[in-house]
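Structural data only, the sequence is not supplied:
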């Protein structure tokens, strides 16, 4: 019969990793270590299987609060997105049959959450269609829209970056050099050190985000998020996907970029700069360096996440797919009631 198997994560890593490797290459980071890196004791990883026991879908779930309720949620970092690794060769009918099994329903409970997710992700569309056939009611709310750079089209245009923009950036570097020598350091998850992460944390602390109440959304100044990325990089496959740059002015780290690379896409997860250098825009200088480096290495697109199109647009970004938050509810009456609160951010 179709069933959902729940096993201690170390015992099913190979299956989760195999599903991630079979999935869309842009989702290749959705490996066992990606989910385990949250170090959440409530993590339970389930595998939905077909009649022959072949893994179709991994559901690594952690218990999170939604309003007054505890709801299982797909684990992993918020960015670039949350996802459940899936075998894309499976049919909707096969996956629906697995998700409709009474054992699956009992393990998943009355509701479970997946988000943020990219609305037009083919693997997500397959999961949604199968879940609907299996009797799950999918409640959707929009978070925002992605901003992306089509590196192939921008390079083909012959005008990106613009001549004027390049001249301006060379001028900015000359101004920064009056304070100290400017250099750009590249790191990956395979060769970064504690000193690398300390430098990023120092930039975040000195940035406008770091000055916000509660420290804002920082990836390395926040010790818990820093530990997440350090744990994720213990998987050498994920480590090889991590790549970023630091712009130094003398001995001071002035700006950084940090991202993840999967398939033809570089996910720009974080970038910022030390406010003391604000006048000469080290963050902008480094971002162009980052984007051109990705294009030179054959990446087709930059996924720049959400945010202010006012500064992303002039650098070549365009508004792309919607980013959504999904709640799967089993009972149709409960789903109708929950929909009202879900749309209002409940």
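Thanks, I have the structure now. Note that the structure is predicted; figures quoted are calculated from it, not measured. Numbering: from 1, shown residues only.

okay, CA-based contacts and neighbour counts for the rest of this
OK.

count of residues packed around residue 179?
Residue 179 has 12 neighbouring residues, counting by other C-alpha atoms under 10 Å.

ok, it - contacts?
249-250 (C-alpha atoms under 8 Å, 6 or more residues apart in numbering).

Distance check, it against residue 285.
Applying C-alpha to C-alpha, to the nearest Å, the value for residue 179 to residue 285 is 16 Å.

quick one: buried residues of stretch 333-343?
Residues of stretch 333-343 classed as buried by neighbour count (16 or more other C-alpha atoms under 10 Å): 335, 339, 342.

would you list the residues you listed in a markdown table and tack on pLDDT and distance to residue 59?
As requested, those are exported to a markdown table (pLDDT from 0 to 100; distance: C-alpha to C-alpha, whole Å):
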| residue | pLDDT | distance to residue 59 |
| --- | --- | --- |
| 335 | 97 | 21 |
| 339 | 94 | 23 |
| 342 | 93 | 22 |
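
Of those residues, which belong to helices?
The members of these that map onto helices under DSSP state H are 335, 339, 342.

Of those residues, just say which sits nearest to residue 145.
Residue 145 has its nearest neighbour among these in residue 342, at 18.5 Å by C-alpha to C-alpha.

I'd guessed the closest one sits against residue 143; true?
No - with contact defined as C-alpha atoms under 8 Å, residue 342 does not reach residue 143; the gap is 11.8 Å.

Surely residue 262 touches residue 27?
Yes - the criterion here is C-alpha under 8 Å, and residue 262 meets it with residue 27 at 6.6 Å.

So for those two, which sits in the more crowded spot?
Neighbour count, other C-alpha under 10 Å: between residue 262 and residue 27, residue 27 has more, with 24 against 18.

ok, now which ones touch that one?
Contacts of residue 27 (C-alpha under 8 Å, 6+ apart): 20, 83, 85, 262-263.

Kindly recompute the last result at 7 Å.
Residues in contact with residue 27 (C-alpha atoms under 7 Å, 6 or more residues apart in numbering) are 20, 262.

got a list of what residue 265 touches?
26, 299-303.

got it, and residue 94?
Per C-alpha under 7 Å, 6+ apart, neighbours of residue 94: residue 50.

The helix or strand it falls within: what's the following helix or strand?
Assigned by DSSP states H and E, residue 94 falls within helix 92-100. Remark: after helix 92-100, the chain's next helix or strand is helix 102-108, criterion DSSP H and E.

what about that next one, average pLDDT?
Averaged over helix 102-108, pLDDT sits at 81.

for residue 255, helix, strand, or coil?
Secondary structure assignment for residue 255 (DSSP: H, G, I helix; E, B strand; the rest coil): strand.

Over to residue 47?
Put simply, residue 47 is strand when judged by three-state DSSP.

so it makes contact with residue 57?
Yes - the pair residue 47 / residue 57 is scored as a contact, 5.7 Å apart, by C-alpha atoms under 7 Å.

End to end on stretch 20-40, go ahead and measure it.
Using C-alpha to C-alpha, the end-to-end distance of stretch 20-40 comes out at 21 Å.

Next: stretch 315-334.
45 Å.

what's next to it, contact-wise?
Contacts with stretch 315-334, where a contact means C-alpha under 7 Å, 6+ apart, come from 110-120, 135-149, 335.

Give me the buried positions along it.
315-320, 322-330.

Likewise for stretch 97-109?
Judged by neighbour count (16+ other C-alpha under 10 Å), stretch 97-109 contains these buried residues: 97-101, 103-105, 108.

Endpoints of that stretch, how far apart?
Taking C-alpha to C-alpha, stretch 97-109 runs 17 Å from one end to the other.

Centre of the chain to it, how far?
Offset of stretch 97-109 from its chain centre (C-alpha atoms, centre = their mean, to the nearest Å): 27 Å.

And stretch 254-270, by the same measure?
The mean C-alpha position of stretch 254-270 is separated from the chain mean by 10 Å, C-alpha atoms, centre = their mean.

in stretch 218-229, what's buried?
Across stretch 218-229, burial judged by 16+ other C-alpha under 10 Å covers 218-222, 225-229.

Of the residues you listed, which is the nearest to residue 257?
Nearest member of these to residue 257, counting by C-alpha to C-alpha, is residue 219, at 11.0 Å.

Looks like that closest one contacts residue 226 (just checking).
Yes - counting by C-alpha under 7 Å, residue 226 is a contact partner of residue 219 at 5.8 Å.

Could you chop this structure up by domain?
Residue ranges for each domain of the chain read 4-143+323-343, 161-315, as given by automatic domain parsing.

where among those domains is the average confidence lowest?
domain 4-143+323-343 (a mean of 92).

Strands of this structure, start to end?
Under the criterion DSSP state E, the chain carries strands at the ranges 4-7, 44-49, 55-66, 69-74, 111-118, 137-150, 182-188, 242-249, 252-262, 265-273, 301-303, 318-329.

now the angle between strand 44-49 and the third one, please.
Using axes from the mean of the first three to the mean of the last three C-alpha atoms, to 10 degrees, one finds that strand 55-66 and strand 44-49 are set 150 degrees apart in direction.
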